[in-house]
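Peer 1: Just to be clear, the model below is a prediction. Sequence and coordinates:
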Amino acid sequence: MPGLLRGIARTAVVAGTATAVSNRVSRRQAGRWARQDPVYEEPPPPSPPPAAPAPVAQEVPMDVKIAQLKELSTLKEQGVLTEEEFAAQKARLLGT
């Protein structure tokens with residue numbers, strides 16, 4: 001009977017060792033294939049969020065525009081602004 005137990009124990013050790021070696025080889029091969037195969041590559045980093053929309057320009061009331069035009073006219077009459085500068089500022093204020 002001792003010979004039978006020794007044979008069973010040896011078979012169990014050999015089978016266990018073979019299973020452990022086989023599993024390790026499989027894991028190593030899977031790791032190598034993962035590095036070579038583009039399917040297993042890391043995904044690219046996420047794209048940045050879209051930019052916030054531009055703030056909507058609020059409409060300036062007409063009485064404010066008129067006051068600004070009068071001030072520009074006064075500056076032009078005093079010689080602070082040239083005719084071209086006055087025309088450019090007027091166009092900017094009126095949005096044309």
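Peer 2: That came through, no problem.

Peer 1: C-alpha from now on. contacts and neighbour counts both.
Peer 2: Fine.

Peer 1: show me where this structure has helices.
Peer 2: Assigned by DSSP state H, the chain shows helices spanning 2-36, 62-77, 83-94.

Peer 1: In terms of pLDDT, where does E77 sit?
Peer 2: Note for E77: predicted pLDDT of 92.

Peer 1: buried stuff in the helix or strand of the chain with the lowest mean pLDDT?
Peer 2: Lowest mean confidence among the helices and strands of the chain (mean pLDDT, DSSP states H and E): helix 2-36, at a mean of 79. By 16 or more other C-alpha atoms under 10 Å, helix 2-36 has no buried positions at all.

Peer 1: How far off centre is that helix?
Peer 2: How far helix 2-36 lies from its chain's middle: 46 Å, per C-alpha atoms, centre = their mean, to the nearest Å.

Peer 1: about what we covered before: including distance to P46, could the helices of the chain go into TSV?
Peer 2: Listed next are those as TSV, based on distance: least, C-alpha to C-alpha, whole Å:
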stretch	distance to P46
helix 2-36	21
helix 62-77	47
helix 83-94	41
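
Peer 1: Quick one: closest of these to P50.
Peer 2: Nearest to P50, of all the helices of the chain, is helix 83-94, at 30.3 Å by C-alpha to C-alpha.
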